[in-house]
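K.L.:
build me a model from this:
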Amino acid sequence: MTQEMHCYENALAERVNGILKQEYEMDSTFRTKEQARVAFEQAVWLYNYRRPHMSLKYRFPAEVHQQAA
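P.N.:
The predicted structure is shown next:
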């Protein structure tokens, strides 16, 4: 959160949080920290390597990053 404690001031982070919750079910309750860590790592990998992004003309972030390097 930011100084104003309002989600609209941190829109990018809130958008990513929403995607993680809605598309990757990261709002679940995990039994262990390890289970949560593995689920989060899988979600981040899918987000970067298997989820096309409209703002990137439906390419994957990892692909765009690799081409820029």
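K.L.:
and Phe30, helix, strand or coil?
P.N.:
coil (DSSP: H, G, I helix; E, B strand; the rest coil).
K.L.:
what about the helices in the chain?
P.N.:
For the chain, the helices defined by DSSP state H cover 11-24, 33-49, 61-68.
K.L.:
how about those helices, which one is nearest Ser55?
P.N.:
Among the helices of the chain, the nearest to Ser55 by CB to CB is helix 61-68 (9.7 Å). Just so you know, the C-beta spots here come from the backbone N, C-alpha and C atoms, and that holds for glycine as well.
K.L.:
what angle do that closest one and helix 33-49 make?
P.N.:
Taking axes from the mean of the first three to the mean of the last three CA atoms, to 10 degrees, one finds helix 61-68 and helix 33-49 inclined to each other by 50 degrees.
K.L.:
could you tell me the least trusted of the helices of the chain?
P.N.:
Of all the helices of the chain, the minimum mean pLDDT falls on helix 11-24 (a mean of 87).
K.L.:
could you check the angle helix 33-49 makes with it?
P.N.:
Calculated by the same axes, to 10 degrees, helix 11-24 forms an angle of 110 degrees with helix 33-49.
K.L.:
for helix 11-24, name the packing helices and strands.
P.N.:
Applying 3 or more CB pairs under 8 Å, 6 or more residues apart in numbering; DSSP states H and E, one finds that helix 11-24 contacts helix 33-49.
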